[in-house]
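> sequence and predicted structure, then a few things I'm wondering about:
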Amino acid sequence: MAGPVERDRAALSRPANPLPRWLVPALAALPVLGLALFYLWPLSTLLARVVQPDSITDALRTPGLGRVLWFTLWQAVASTVLTMLAGAAPAYLLARYRFRGRRALLAIVTVPFMLPTVVVGAAFLALLPNSWHGTARAVIVAHVFFNIAVVVRLVGAMWAVLPHDLSAAARTLGASPLQVLRFVVVPLLRPALWAAATVVFLFTFTSFGAARLLGGPAHPTLEVEIARRATQLGDVDGAAVLSVLQLLTLAVVVWWSARWQRRSTVHFVGNSAPRRAVSARERRVVAGIAGVTTTAMLAPLAVLVSRSFRLGDGWSLHAWRTLGAAEVRPGLSLGIDPLASLFASFRFAAVAAVLSALAGGLSALAIASARRHGKLLDVGLMLPLGTSAVTIGLGMLITFDVAPFDWRARWWLIPLGHTLVATPFVVRALLPVLRSIPPGQRDAAATLGASPARAWLAIDVGHIARPLAAGAGLAAAISLGEFGATTFLTRAGRETMPIAIARLLGRAGELPRAQGFALATILLLATAFIIGVAERQGALDARSS
Amino acid sequence: MLAVRDLVVRFGDRTVLDRVSLEVATGEVVALLGPSGVGKSTLLRVIAGLLTPDAGAVLLDDHDITTLPSHRRNIGLVFQDEQLFPHLSVGQNIGFGLRMQGLDRTHIAQRVAELLHLVGLDTFADVPVTKLSGGEAKRVALVRSVAPRPAVLLLDEPLSGLDRELHDRLAGDLARLLRASATTTLLVTHDHDEAAGIADRIITL
C-alpha cells in the first residue's frame, strides 16, 4: 500500500542529480580485474586440482592426517575457551569502569592482535622455558594472548550498553552475584559471546605463524601441514586437498555460528555509562585486573626485546651488530641476510600500501556509490578475507607457473599477495566514512554549480583522503607481518622479515636465535609505530569490527 | 518495621541525603513526596542495598541491615524504567525471584498465573517483554517485585510516563494490590494526587 508518505519517500530517494552510469563500473573495473586474476583464478585452479578423485583419496590416506586434524581442532577449541575466560575480566573492566589509564589499557590489550603472528610466536619463544617449546600448550598460550583483543572489543562493546539497573533489579529479586552473572549477564551477552568465540575459533583454527614457531614439527596445525606438504614435500595436490578441506570447514563454522546468532537485537533502556570504583574493595578489583592484564600483555614483548641483548649468561650487543652480516663466522654462512630482509620487507610494504590504497579506495568508492549491486560488490571484494593466507599463497604458487603467466619468480608477486590480504581492511576503514557523508552535501555542491560527477569528486573523494592514508598505513603494517602467503611466494635472496625471523629462530645456536629476537624487535617496533599513526587517523576500529 | 536513621549520602562534594530519618510500620503504605533531584531515588537505592550510605543506618524489624547485600535483604524495588529482563518472557520475569529462591517449576507457574490474573494479564505468560505496551510493562514490573513476597516493597515513580486515564486506572489497581497483600511499602512520587490516592501517610522530603 503506497500512501502519500510512501510516495514522497520514493521521490526523495531518487536523486535529482544522478551520478553518471559509467562511474561505478569504471571504479570497480580495476579491483574486480585484480580480484579475478590474482584471487579467483588461483582459487579455481586449486579447486580443479582437488576435483580429481585420485588426489583426494591419496591426500586423505596419508598417515598422520587424522592427527593433524585432531590437533588443529582441539587446540582451536581449547584456545577459544581459554581466550573467552581470560578476556572476560579485562572486557568487564573496560566496559564497566572509568579509571586513570583506561585508554592506555585498551591499547595494551588491542595492539597484540595487530602484531605479526611471527612476532607473537618469537615473543613466546623468548618468554617460555625451553621445556615448553614445541608443545601444544605453548601454541595455546600464544593464541590466548593474541586473541584477547577480540573478546575485549566484541563482548566489551555489548557489555558497555547493559544498563546497571538490570543487574540491580536481579539483586533486589534475590539473585546472588553469581546468579546475576548466570541468569542475566551471560544470557544477555550471548550474541556477543558467540560472535567473539566464532572469530577466535576461526583465527586459531587457521593459525600459521604462532603454530609454526611454537608447535614445532610435532604439533602442526592444518595450515602448517598445508605449507609443509607444498613447500617441503612437493606434494602440491595433497596441500590443495587440505586447503579446500579447511575452506569447507570454515564455511560450515561460519554458517553454523550465524544460525545461532540470529536473534532479535535488544534495545536497552537505562544508564550504562562506565563508572568509578567507589568502595575500597571495588578499587582493589579494578587495580588487580588492570595490573594483571598489563603485566600479561607486556611481559612477552618486554622479554622478547631483552632476549635480543643476551648471549650466554651476559648482556651483549653482538646479535644487533652482526645483523647485517650473512656470515656467523668467516666462511660459515647462514644463508640469510637479516638486514637485507629488512630492506626487502620495507620495499614490499611500500608497494603493497600503494596497491592496497588504490584497490581499496576504488572499491570503497564503487561500493558506496553503487545503488543496486553495492552489496554484491561488497561481499565479492571481501572474499579474500575469508580465505586463509596460506590458501591464497598456495593458489598463486600453483597458478602462476605456466608461460606466459610464469610469474613465480617475479618480485612483485609477493606485494600482490599482501595486497589481496590487506585490501579488505582498507575497504572496511573507508566505507563507514563514505556512508556517513550527509547526502545534502552533494546537493549543496550541485546548487553551487557543480556537475554530479564534479560534486562527487569534491565531496566523496575529498572525504577519504585522510582515512585512505590511514588505510595505506594499515596495509603496510599487514604487509610487513604477512607470513602465510609469503611462505609460498618467497625466493632465496628476497626473504621478508617474518621469513627471516622464522628461519633464524629455527636454527640451532645462540647467535641466530638472538638475531631472530633482534629482527622480531625491529618488526614489533615498526608495526607498533605504523599502527599508532594509523589509529590517530581512526582506522583502528575498522580492523577489529 | 522499616526504619532509616540519620542517613547521609554524598556524591563527590554534593550531599544528596543529609541526615534523613523515617519509619514505615509493617503493612503501612507510605508515599515520599518531593521535587526531582531531592534524593528520593537515592534513598530507595540505599534501602534496597544498591548503594552504601556514607553514614547512618537502615533497620528492618530492629535488625541493622546497612551492610547486608541486596539479595539477602528481601526488599523489592520497582524501577522507574521497569528494567524487565529482555531475554525472558513475561512469566519468566515474574518467576525470576521465585527461581532464585529455588522453588520448583509447578509452584512458580502457579504463583505467576495468580499474579498475572491479579493485574489482568492472564494470557501474557509466554509473551516476550519486548512486545509489551508501556502500561503492561509497568504492571509486569510491579508483580515481578511482589512475587517473592518481599518484607518491604519500594516503588520508584511506578506510574510515571503513562497517559492520564491509564495512570488513574493503574493507581487504583496498585492501591488494591498493596492493601490485599498487606505489604509494607515505600513509594516515591512527585505527584500529590497519586500519593494521596495510594498511601496511608505522606512524607515530604
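Received it, and whenever you're ready, just let me know what you need.
> please name the nearest non-neighbouring residue to A:His219.
Spatial nearest neighbour of A:His219, excluding adjacent residues (Cβ to Cβ, 6 or more residues apart in numbering or on different chains): A:Ala136 at 5.4 Å. C-beta here means a position set from N, CA and C on the backbone, and glycine is covered the same way.
> no wait, A:Tyr92
A:Trp159 (6.4 Å).
> where exactly do the helices run in chain B?
B:40-48, B:90-100, B:105-118, B:134-146, B:164-181, B:192-198 (DSSP state H).
> please apply the same query to the stretch 151-300 of chain A.
A:164-172, A:177-180, A:186-205, A:209-215, A:222-231, A:236-261, A:280-307 (DSSP state H, counting those that start in this stretch).
> low-confidence regions, chain B specifically.
Residues of chain B meeting the criterion pLDDT under 70: none.
> just to revisit the earlier point, nearest to chain A, out of the helices of chain B?
The closest of these to chain A is helix B:90-100. By Cβ to the nearest Cβ, the value is 3.7 Å.
> got the angle for the closest one vs helix A:164-172?
50 degrees (axes from the mean of the first three to the mean of the last three Cα atoms, to 10 degrees).
> helices or strands next to helix B:90-100 in the packing?
helix B:105-118, helix B:134-146 (3 or more Cβ pairs under 8 Å, 6 or more residues apart in numbering or on different chains; DSSP states H and E).
> just the ones you listed: most buried one?
Greatest average neighbour count among the helices and strands packed on helix B:90-100 goes to helix B:134-146 (a mean of 22), per mean count of other Cβ atoms under 10 Å in any protein chain shown.
> so what does it touch, helix or strand wise?
By 3+ Cβ pairs under 8 Å, 6+ apart, helix B:134-146 packs against strand B:75-78, helix B:90-100, helix B:105-118, strand B:152-156, helix B:164-181.
> so which of the ones you listed is nearest A:Met297?
With Cβ to Cβ as the criterion, A:Met297 lies closest to helix B:90-100 of the helices and strands packed on helix B:134-146, at 37.0 Å.
> make sure A:Val144 is actually in contact with A:Ser79.
Yes - contact criterion Cβ atoms under 8 Å: A:Val144 and A:Ser79 qualify, at 6.2 Å.
> more neighbours, those two?
With neighbours defined as other Cβ atoms under 10 Å in any protein chain shown, A:Val144 and A:Ser79 compare such that A:Ser79 has more, 26 against 22.
> follow-up on the earlier one: mind putting the helices and strands packed on helix B:90-100 into JSON lines with distance to A:Ile289?
Below are these laid out as JSON lines (distance: least, Cβ to Cβ, whole Å):
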{"stretch": "helix B:105-118", "distance to A:Ile289": "36"}
{"stretch": "helix B:134-146", "distance to A:Ile289": "33"}
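> now, of the helices of the stretch 151-300 of chain A, which is deepest in the fold?
For these, where neighbours mean mean count of other Cβ under 10 Å, the stretch averaging the most is helix A:209-215, with a mean of 28.
> roughly how far is stretch B:156-171 from the heart of the chain?
Centre-to-centre, stretch B:156-171 and its host chain are 15 Å apart (Cα atoms, centre = their mean, to the nearest Å).
> do that stretch and chain A meet?
No - against chain A, stretch B:156-171 shows no contacts by Cβ under 8 Å from any Cβ of the partner chain, the least distance being 10.0 Å.
> flag every buried residue along that stretch.
B:156-159, B:162, B:167, B:170-171 (16 or more other Cβ atoms under 10 Å in any protein chain shown).
> ranges for the strands of the stretch 251-400 of chain A?
A:310-311, A:314-315, A:327-329, A:332-333 (DSSP state E, counting those that start in this stretch).
> contacts for the first one next, please.
Residues external to strand A:310-311 that are found in contact with it (Cβ atoms under 8 Å, 6 or more residues apart in numbering or on different chains): A:316, A:318-319, A:510-511, A:514.
> try 10 Å this time
Contacts to strand A:310-311, defined as Cβ atoms under 10 Å, 6 or more residues apart in numbering or on different chains, come from residues A:126, A:316-319, A:510-511, A:513-514, A:517.
> who does that strand pair up with?
strand A:314-315 (antiparallel) (DSSP bridges).
> contacts for the strand it pairs with, please.
Contacts of strand A:314-315 (Cβ under 10 Å, 6+ apart): A:306, A:309.
> now do 8 Å
Counting by Cβ under 8 Å, 6+ apart, A:Phe309 sit against strand A:314-315.
> low-confidence ranges, the stretch 401-545 of chain A, go.
In the stretch 401-545 of chain A, residues with pLDDT under 70: A:537-545.
> just the helices in it please.
A:413-435, A:440-447, A:452-456, A:462-463, A:465-481, A:484-489, A:497-505, A:510-536, A:540-544.
> tell me the residues of chain A that contact chain B?
A:163, A:165-166, A:168-177, A:179, A:183-184, A:187-188, A:190, A:264, A:266, A:268-270, A:278-279.
> buried sites along stretch B:55-62?
Buried residues in stretch B:55-62 (16+ other Cβ under 10 Å): B:56, B:58, B:60.
> so which bits of chain B are right by chain A?
B:45, B:48-50, B:52, B:69-77, B:79, B:81, B:83, B:85-87, B:96-97, B:99-101, B:130, B:144-145, B:148.
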